[in-house]
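Enquirer: Just to be clear, the model below is a prediction. Sequence and coordinates:
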Amino acid sequence: MSKPYAESCEQNQGPILEVIRPWLASSGDLLEVGSGTGQHAVFFASRLPHVRWLPSDRADQLAGIRAWVSEAALDNVLDPVELNVLRKEQWPQRAVSAVFSANTVHIMGDSEVEALFAGVAQVLARAGVFLLYGPFNYRGSYTSESNRQFDAWLKARDPRSGIKDFTWLCRLAAAGGLELVKDYAMPVNNRTLVWRKT
């Protein structure tokens, strides 16, 4: 099959790598939730050879991810696994040292975001990190007019989706024993949030 492609992945992967690299300095297993096209998995894994990258997504995305993984032929990228965050039995049974997810929570409903944080808290090893990239609101407000317009577009497409509030995400994280350790400003009004399991 031809590989799926997202221009946004091409544009954001460099800046994301710069902020996540220090948090992934040690060898370990990383679970990527919502790998999408698979572009991020092969880009980051090729530049972080000491990290064993496990892509995951819903079943209909796996073929595209496999196309990227197969072509890259990297020793440290595993075959993608099916993961619907609402299905507890699909979360990995072994602990991982990191979880990464990009541009996912704004296309999820609230119940899915709650399940995401519960699942991350379950699979992260002690002192493991959760790296979350995307647009977020702060104190209930948009950080830019473009984010306001993007949120309206998301909700017109799916009323359950939309940009989530930073404070709410931190409450979900804290309930799972995750402590916010860094909030990075990123290009195009995005952020990268880093939580550590205490």
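Expert: Sure thing, it's come through.
Enquirer: just how off-centre is stretch 155-165 within its chain?
Expert: Centroid separation for stretch 155-165 versus its chain: 17 Å, with Cα atoms, centre = their mean, to the nearest Å.
Enquirer: Next SSE downstream of whichever strand or helix holds Y133?
Expert: For Y133, the host element (DSSP states H and E) is strand 124-134. Counting by DSSP H and E, the next helix or strand C-terminal to strand 124-134 is strand 136-137.
Enquirer: quick one on the thing from earlier: adjacent strands (with direction) for the strand holding Y133?
Expert: Using DSSP bridges, strand 124-134 pairs in its sheet with strand 96-102 (parallel), strand 190-197 (antiparallel).
Enquirer: Deepest-packed of the ones you listed, please.
Expert: strand 96-102 (a mean of 23; mean count of other Cβ atoms under 10 Å). The way it works is simple: take the backbone N, C-alpha and C, and place the C-beta from them, glycine included.
Enquirer: Now do it, average pLDDT.
Expert: Averaged over strand 96-102, pLDDT sits at 98.
Enquirer: Contacts for it, please.
Expert: For strand 96-102, contacts defined as Cβ atoms under 8 Å, 6 or more residues apart in numbering pick out 12, 16, 20, 23-24, 26, 28-34, 36, 40, 44, 51, 54, 116, 120, 123-125, 128-134.
Enquirer: what do you get for stretch 34-42?
Expert: Contacts of stretch 34-42 (Cβ under 8 Å, 6+ apart): 3-6, 9-10, 13, 16, 32, 53, 55-57, 61, 64-69, 71-72, 74, 77, 80, 100-104.
Enquirer: repeat that for 7 Å
Expert: The contact list for stretch 34-42, computed with Cβ atoms under 7 Å, 6 or more residues apart in numbering, reads 4-6, 9, 13, 32, 53, 55-57, 61, 64-65, 67-69, 72, 74, 77, 80, 101-102, 104.
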